[in-house]
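> coords please:
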Amino acid sequence: MGSLRPAAAGPLCSVLVQADEALDGGELGRTAHVAEVPGERLLGSLLDRAHWTPPALVAPLITQEIADIGGREVAIFLQDYEQLNLMPLPGEGLEADGPEPIDGSFAGRAFSGDVLVERPEPDGVRLFLPLLDGSDRVGVLAYTLAAVDDADRRLALRLAGLVADIIVTKGLYTDHFFLIRRRRPMALAAEMQWQLLPPLTMDTPSVACAGILEPAYEVGGDSFDYALNGQTLHVAIIDAMGHALNAAVMATVSVSAYRHARRAGVGLADLYAAMDSAVAQQFGEDTFVTAQMAQLDCRSGRLSWVNAGHHPPLLLRRRRVLGSLTSETTLPVGFGGAAPQISEVQLEPNDRVLLFTDGVIEERMPDGERFGEHRLVDLVGRVSLEELNVQETVRRLSHALMRERGGATSDDASLFLLEWRRTDST
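Take a look at the predicted model:
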């Protein structure tokens, strides 16, 4: 089997020829003669060729494949770090006038709602498709077709899923996609923190969670981490003392110690002890990290947590703030405290728990008054009435907080929201 399309000039042609030759000589080549429907052919060709395509040629590869099904005016957008705008990916064959705001645009509707959005055009229909890496938002794919039916929609959604996977995978080998997402220079401390984070969103039938860091380009000591191991969701949110690089280094050690202990299969008490020991040994007795570590049994909805110097989380039930999850407070990590106090609560299906760092409520308003927990509770209640998924709730809440405080952020202000759901298997 030769090349699947006529040769074209340029570096992409060379890459595609190599890919076709590799497919001809391997197992894939020997099975490629099986009849394929057009959608399968598109997805299969894109997947096969993407393995060999360098990051810089991903854009023309995608546009070429979409053109084969009649798509035109292809655009790919990636979310910026502040989650305010969708930034156009440059590349041969891609067309975009500039950034698209997440709030108030067709592309933004697809992104924030995780849904296909259609816009009628004089000569066809323009599709806007969310790019999702699992449940983590990557951006939006847009292209125009002369006409659209249900088969086109199904193919478009599958195509968007594959494009998202390609961008995420190729992003491991280049700085290109990271730089597209930046609207201004990023501080070294923030660079460290963003590299430390897990995916910002996870969504499963039994549990969902999402987090956000602010200020996106200067964050220093705040971080969060999570892992779904079997039927247990492990969560930690931390705030290392100080600012900038010193705080980022301490946060990195803290999260790494947390992951190391968590992967050893220990409980909350030993997780706390491992973090406490790592911070004390590395930075001395005059430094500390406030933290909350939690474990959610996704079968029963039983939540256990240790509060090491943080403000208590908020419990949301039926889209309203029910109250704070108060508990015995344990000394911050690094002080060499005694065995931590472990608290428990039974969640109801669809309950949400919001964890946050002190910068969220201790920021000063323009008039000098402290923002305070009461304003946070009011704002959470208002945003929750919109009945959004966890990732969109966190995004809108973070931006609403920024507006309420007049754009001021003198300290890191991070949010982490989890939701437990009862399913037939839990």
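> Map the structural domains onto the sequence of the chain.
Following automatic domain parsing, one finds the domains of the chain at 11-179, 187-420.
> can you tell me which of these the model trusts least?
Per-segment mean pLDDT for the domains of the chain reaches its minimum on domain 11-179, at a mean of 87.
> could you pull out the helices for the protein?
11-25, 27-31, 38-50, 58-67, 106-113, 150-170, 176-180, 188-196, 244-263, 268-283, 359-362, 372-384, 390-404 (DSSP state H).
> roughly how far apart are the nearest residue to A146 once chain neighbours are set aside and V306?
For A146, ignoring the flanking residues on the chain, the nearest one in space by CB to CB, 6 or more residues apart in numbering is G124 at 4.6 Å. To be clear about C-beta, it is placed using only N, CA and C from the backbone, and glycine gets the same treatment. When CB to CB, to the nearest Å is the yardstick, G124 and V306 sit 56 Å from each other.
> what about the two, which has more around it?
Each of G124 and V306 has its neighbours counted (other CB atoms under 10 Å); V306 has more, 27 against 18.
> isn't that one right up against T290?
No. With contact taken as CB atoms under 8 Å, V306 and T290 are classed as non-touching, separated by 11.3 Å.
> number of nearby residues for I212?
Around I212 there are 23 other residues, counting by other CB under 10 Å.
> so how far is R262 from it?
According to CB to CB, I212 stands 22 Å off from R262.
> What of S135?
When distances are taken as CB to CB, S135 and R262 turn out to be 21 Å apart.
> Over to A146?
52 Å.
> what about those two, which has more around it?
When A146 is set against R262 and neighbours are counted by other CB under 10 Å, the residue ahead is R262, at 22 against 12.
> contacting residues for that one?
When contacts are counted by CB atoms under 8 Å, 6 or more residues apart in numbering, R262 touches A227, N229, H234, L271.
> please redo it, this time with the cut-off set to 10 Å
R262 makes contact with D225, Y226, A227, N229, H234, A236, L268, D270, L271, A274, M293, Q295 under the criterion CB atoms under 10 Å, 6 or more residues apart in numbering.
> Show me just the buried residues among those residues.
Neighbour counting with 16 or more other CB atoms under 10 Å marks D225, Y226, H234, A236, L268, L271, A274, M293, Q295 as buried within the contacts of R262.
> Next, the contact list for the first one, please.
Contacts for D225 were tallied using CB under 10 Å, 6+ apart; they are 196-198, 211, 234-238, 254-256, 258-259, 262, 293, 416.
> For ChimeraX, write the select line for the buried members of the residues you listed.
Provided next is the ChimeraX selection string for whichever of these are buried by 16+ other CB under 10 Å:
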select :196,198,211,234,235,236,237,238,254,255,258,259,262,293,416
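> before we move on, the earlier item: quick one: closest of the helices of the chain to A142.
Evaluated over these, closeness to A142 peaks at helix 106-113, with 6.2 Å, by CB to CB.
> now the angle between helix 390-404 and that closest one, please.
Helix 106-113 runs at 110 degrees relative to helix 390-404, counting by axes from the mean of the first three to the mean of the last three CA atoms, to 10 degrees.
> elements contacting helix 106-113?
For helix 106-113, the elements it packs on are strand 72-79, strand 85-88, strand 100-101, strand 117-121, strand 124-133, strand 136-145, helix 390-404, judged by 3 or more CB pairs under 10 Å, 6 or more residues apart in numbering; DSSP states H and E.
> Wait, A146 touches L127, no?
No. With contact defined as CB atoms under 10 Å, A146 does not count as touching L127 (11.9 Å).
> shared neighbours of the two, anything?
Counting by CB under 10 Å, 6+ apart, the shared contacts of A146 and L127 are G71, D152.
> check contacts around P215.
Residues near P215 by CB under 10 Å, 6+ apart: Y81, E82, A187, A190, D222, G359, M402, T409, S410, D411, D412, A413.
> got it, and T169?
The contact partners of T169, taken as CB under 10 Å, 6+ apart, are A50, H51, P55, V58, D133.
> Test my guess that the second one contacts I166.
Yes. The pair H51 and I166 qualifies as a contact (CB under 10 Å) at a distance of 9.5 Å.
> Neighbour count: these two, which is higher?
When H51 and I166 are compared for neighbours, I166 comes out ahead with 21 against 12, by other CB under 10 Å.
> Hmm, the more buried one is touching A50, no?
Yes. Using CB under 10 Å as the test, I166 is close enough to A50 to be in contact (4.8 Å).
> what is in contact with those two at once?
Applying CB under 10 Å, 6+ apart, one finds that I166 and A50 are jointly contacted by V58, L61, I62.
> No more questions from me, cheers.
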